[in-house]
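**Student:** Output the structure for:
(4 chains)
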Protein chains: 4
Amino acid sequence: VNAPRVLITAPISVRWGDMDALGHVNNSVFATYLEEARLRWFAGIPGGWRDEHASPVLAAQTINFRMPIVWPEELVITLTLARVGNSSLAMDYVMTARDTPSRRYADGNVVMVWTGPDGRPVALPTHLRAAAEAS
Amino acid sequence: VNAPRVLITAPISVRWGDMDALGHVNNSVFATYLEEARLRWFAGIPGGWRDEHASPVLAAQTINFRMPIVWPEELVITLTLARVGNSSLAMDYVMTARDTPSRRYADGNVVMVWTGPDGRPVALPTHLRAAAEAS
Amino acid sequence: VNAPRVLITAPISVRWGDMDALGHVNNSVFATYLEEARLRWFAGIPGGWRDEHASPVLAAQTINFRMPIVWPEELVITLTLARVGNSSLAMDYVMTARDTPSRRYADGNVVMVWTGPDGRPVALPTHLRAAAEAS
Amino acid sequence: VNAPRVLITAPISVRWGDMDALGHVNNSVFATYLEEARLRWFAGIPGGWRDEHASPVLAAQTINFRMPIVWPEELVITLTLARVGNSSLAMDYVMTARDTPSRRYADGNVVMVWTGPDGRPVALPTHLRAAAEAS
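**Tutor:** Numbers count the residues shown, from 1 in each chain, chains lettered A, B, ... in the order given. Got it, this is the predicted structure:
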């Protein structure tokens, strides 16, 4: 069995303002952290991640919250490839403390679908498929 | 078969600032909308939703993104009870346009766990269980 | 002396997630509330607020924080015209509780400048000037 | 004439999600960046920045927006002491690109007031005054 392909390992700095009135990072901000990891991976793909023909939308996301995050903290998000579909990429991720990898804050998965100007799924651009499978 | 118990039907106004650089509401803000619905339900529960003995944390959340949301828009979130556990409440939700209920923007589910000061699950407070089951 | 021209009176619902770890609405969110008021005024202007020739940017904003805001709360923002420049609109604003207008949460001013595709100031579009002065 | 006392030089990573529908960092997020710089300065003060007797609130903030910020970008915020009052600290700041200090994105000032449990100003704690003046 092969290990999952790692798309990116992205460091993220928690901001004080990411915390909510309960004193830990708000659940919605976990999604922002994951988005940042995806976008940094996208930004490094030769050929780009969107154009006038095909742009990704989030189809579904699941977040399992394992531990509360308290500022200040430095995180690492590891994004791995779960499945390449005709129009979509499914990814798994793990969010940990940067200096204590065994401290897992969250994990889960996300599905992105590439759509055309009319909002309907289109074939995943070839260079994106290649970038995902080459990781 | 019984219809699911509706915990709350919460109206939400989209803010222009909820949109991201792709011109529609950012995925993380969907989680904020859902949180607002939960908190409004909580706020109406006699006896309150948290005290020094038991406070809820989000254990897991899944969001299925059905359509992009563009400002200005008025939403309604319908939160229904999925399951009452020993320490947890599982809820389903649907997010639609307020004036066009057939326009479904998102749906999914969320699990909240009540924990004690040490972060371990505690028994769901009786009045919360009653409020959930009476909805 | 004339009373200042009111551009818009915009209601805003505070969200639980607007609060930070100190338990009241985070200072950055005041700016989001003000933006929402401006954008709602913009949205009602015949001819629109931006096109390929002229798009507004925020040049400066001052916020005087008068009282902390705690969820749940309903606000009203009153935006008034302070000055119409060649390329700019200066506005004053007051943020109060909707049901207790004497409860002033914040006030201040903001300057917006219309710029062209090269980022340099352009003449304020005629219909925007008219809309501001007709308020 | 002395140079202003630098309280902290704080690096900040722009997140993709900080951008709004106009494709550059939303104005409200500038306030979040400034807050992060203040909080990191606070976090390094022996004796802490708040306790049950005295906690700071933002009294006023002015932001001059000099250039739009586009992701990806690394920023530096330089926070300097403007004035130490009986209950308050006034600070000036400059926000620049980390690798091109001449690229100034914003500047302005902020006033924080330390208040007691009743919300009224209290004397600035001695160790905070010392920390500000020793910078």
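**Student:** how about the residues of chain A near chain B?
**Tutor:** By the rule C-beta under 8 Å from any C-beta of the partner chain, the part of chain A lying against chain B is A:22, A:26-29, A:31-32, A:35, A:55, A:57-65, A:68, A:108, A:119. Every residue, glycine included, has its C-beta placed from N, CA and C.
**Student:** filter the residues you listed to the buried ones?
**Tutor:** A:22, A:26-29, A:31-32, A:35, A:55, A:57-65, A:68, A:108 (16 or more other C-beta atoms under 10 Å in any protein chain shown).
**Student:** near chain D, anything from stretch A:36-44?
**Tutor:** Yes: in terms of C-beta under 8 Å from any C-beta, part of stretch A:36-44 sits within range of chain D, namely A:36, A:39-40, A:43.
**Student:** Phi first, then psi, for A:R66.
**Tutor:** phi -100, psi -40 (degrees, to the nearest 10).
**Student:** Can you verify my assumption that it contacts A:G108?
**Tutor:** No: under the criterion of C-beta atoms under 8 Å, A:R66 is not in contact with A:G108, lying 9.9 Å apart.
**Student:** from what I can see A:A90 touches A:G108, true?
**Tutor:** No: counting by C-beta under 8 Å, A:A90 stays clear of A:G108, with 11.3 Å between them.
**Student:** so where is chain A shaky, pLDDT-wise?
**Tutor:** A:1-2 (pLDDT under 70).
**Student:** the strands in it, which residues?
**Tutor:** A:6-13, A:55-65, A:74-84, A:88-97, A:104-115 (DSSP state E).
**Student:** how about the third one: buried residues?
**Tutor:** With burial defined by 16+ other C-beta under 10 Å, the residues of strand A:74-84 counted as buried are A:75-81.
**Student:** What of the shortest one?
**Tutor:** By 16+ other C-beta under 10 Å, the buried positions in strand A:6-13 come out as A:7-8, A:10, A:12-13.
**Student:** what sits up against that strand?
**Tutor:** A:33, A:36-37, A:40-41, A:44, A:74-81, A:91, A:98, A:132, A:135, D:12-13 (C-beta atoms under 8 Å, 6 or more residues apart in numbering or on different chains).
**Student:** Who are the packing partners of the lengthiest helix in chain A?
**Tutor:** Taking DSSP state H as the criterion, chain A has its longest helix at helix A:27-43. Counting contacts by 3 or more C-beta pairs under 8 Å, 6 or more residues apart in numbering or on different chains; DSSP states H and E, helix A:27-43 is packed against strand A:6-13, strand A:55-65, strand A:74-84, strand A:88-97, strand A:104-115, helix B:27-43.
**Student:** let's go with 6 Å and repeat that
**Tutor:** strand A:6-13, helix B:27-43 (3 or more C-beta pairs under 6 Å, 6 or more residues apart in numbering or on different chains; DSSP states H and E).
**Student:** Any idea how far it is from the middle of the chain?
**Tutor:** Helix A:27-43 has its C-alpha centroid displaced from the chain centroid by 5 Å (C-alpha atoms, centre = their mean, to the nearest Å).
**Student:** relative to strand B:104-115, how tilted is that helix?
**Tutor:** Taking axes from the mean of the first three to the mean of the last three C-alpha atoms, to 10 degrees, one finds that helix A:27-43 is oriented at 120 degrees with respect to strand B:104-115.
**Student:** the inter-axis angle of helix A:27-43 versus strand A:74-84?
**Tutor:** Using the same axes, to 10 degrees: helix A:27-43 against strand A:74-84 is 70 degrees.
**Student:** Not counting sequence-adjacent ones, nearest residue to A:W16?
**Tutor:** Of all residues not flanking A:W16 in the chain, D:L39 sits nearest, at 4.2 Å (C-beta to C-beta, 6 or more residues apart in numbering or on different chains).
**Student:** Over to A:W49?
**Tutor:** Using C-beta to C-beta, 6+ apart, the nearest residue to A:W49 is A:F42, at 3.6 Å.
**Student:** pretty sure the one you found is touching A:S55, no?
**Tutor:** No: A:F42 lies out of contact with A:S55 (C-beta atoms under 6 Å); the separation is 11.0 Å.
**Student:** which residue of chain A sits farthest from its center?
**Tutor:** Distance from the C-alpha centroid of chain A peaks at A:A21, with 25.8 Å (C-alpha atoms, centre = their mean).
**Student:** count of neighbours near A:S87?
**Tutor:** A:S87: 17 surrounding residues under other C-beta atoms under 10 Å in any protein chain shown.
**Student:** and the residue lying closest to it once chain neighbours are set aside, what does it touch?
**Tutor:** The shortest distance from A:S87 to any non-neighbouring residue, by C-beta to C-beta, 6+ apart, is to A:P121 (3.7 Å). Contact partners of A:P121, counting by C-beta atoms under 6 Å, 6 or more residues apart in numbering or on different chains, are A:87, A:113, A:115.
**Student:** try A:M95
**Tutor:** A:M95 touches A:75, A:77, A:105-106, counting by C-beta under 6 Å, 6+ apart.
**Student:** what pairs with the closest residue to A:Q61 other than its chain neighbours across the strands?
**Tutor:** In this structure, A:Q61 finds its nearest non-sequential neighbour in A:V110, 4.5 Å apart by C-beta to C-beta, 6+ apart. Taking DSSP bridges as the rule, A:V110 bridges to A:Q61, A:M91.
**Student:** Now do the contacts for the nearest residue to A:S28 once chain neighbours are set aside.
**Tutor:** Distances taken as C-beta to C-beta, 6+ apart place B:A31 nearest to A:S28, at 3.8 Å, with adjacent residues excluded. B:A31 makes contacts with A:27-28, A:31, as judged by C-beta under 6 Å, 6+ apart.
**Student:** Now distance to C:L128 too, for those, in CSV please.
**Tutor:** Shown next, in CSV, are the contacts of B:A31 (distance: C-beta to C-beta, whole Å):
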residue, distance to C:L128
A:N27, 40
A:S28, 34
A:A31, 36
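**Student:** got the contact list for stretch A:108-117?
**Tutor:** Here stretch A:108-117 makes contact (C-beta under 6 Å, 6+ apart) with A:54, A:56-64, A:87-92, A:121-122, A:124.
**Student:** ok now it, how far from the chain's centre?
**Tutor:** 11 Å.
**Student:** and that stretch, which residues are buried?
**Tutor:** For stretch A:108-117, by 16+ other C-beta under 10 Å, it's A:108-115.
**Student:** Check stretch A:16-25 too.
**Tutor:** A:16-22, A:24-25.
**Student:** Just give me the closest of the residues you listed to B:W49.
**Tutor:** Closest approach between the buried residues of stretch A:16-25 and B:W49, by C-beta to C-beta: A:L22, at 11.3 Å.
**Student:** quick one: that closest one from A:P68, how far?
**Tutor:** 8 Å (C-beta to C-beta, to the nearest Å).
**Student:** cool, A:E35 as well?
**Tutor:** 20 Å.
**Student:** now do A:G116
**Tutor:** 40 Å.
**Student:** for A:D18, same thing?
**Tutor:** 12 Å.
**Student:** Excluding covalently adjacent residues, which one is nearest to A:A106?
**Tutor:** A:M95 (4.3 Å).
**Student:** Kindly check the end-to-end length of stretch A:121-135 for me.
**Tutor:** 24 Å (C-alpha to C-alpha, to the nearest Å).
**Student:** and it, how far from the chain's centre?
**Tutor:** 16 Å.
**Student:** Can you list the buried residues in it?
**Tutor:** Across stretch A:121-135, burial judged by 16+ other C-beta under 10 Å covers A:121-122, A:124-125, A:128, A:131-132.
**Student:** Which ones among those residues lie within helices?
**Tutor:** A:128, A:131-132.
**Student:** got a list of what A:L89 touches?
**Tutor:** Applying C-beta under 6 Å, 6+ apart, the residues near A:L89 are A:112, A:132.
**Student:** how long is stretch A:42-60 end to end?
**Tutor:** 18 Å.
**Student:** Kindly report the same for stretch A:48-61.
**Tutor:** Taking C-alpha to C-alpha as the criterion, the two ends of stretch A:48-61 lie 23 Å apart.
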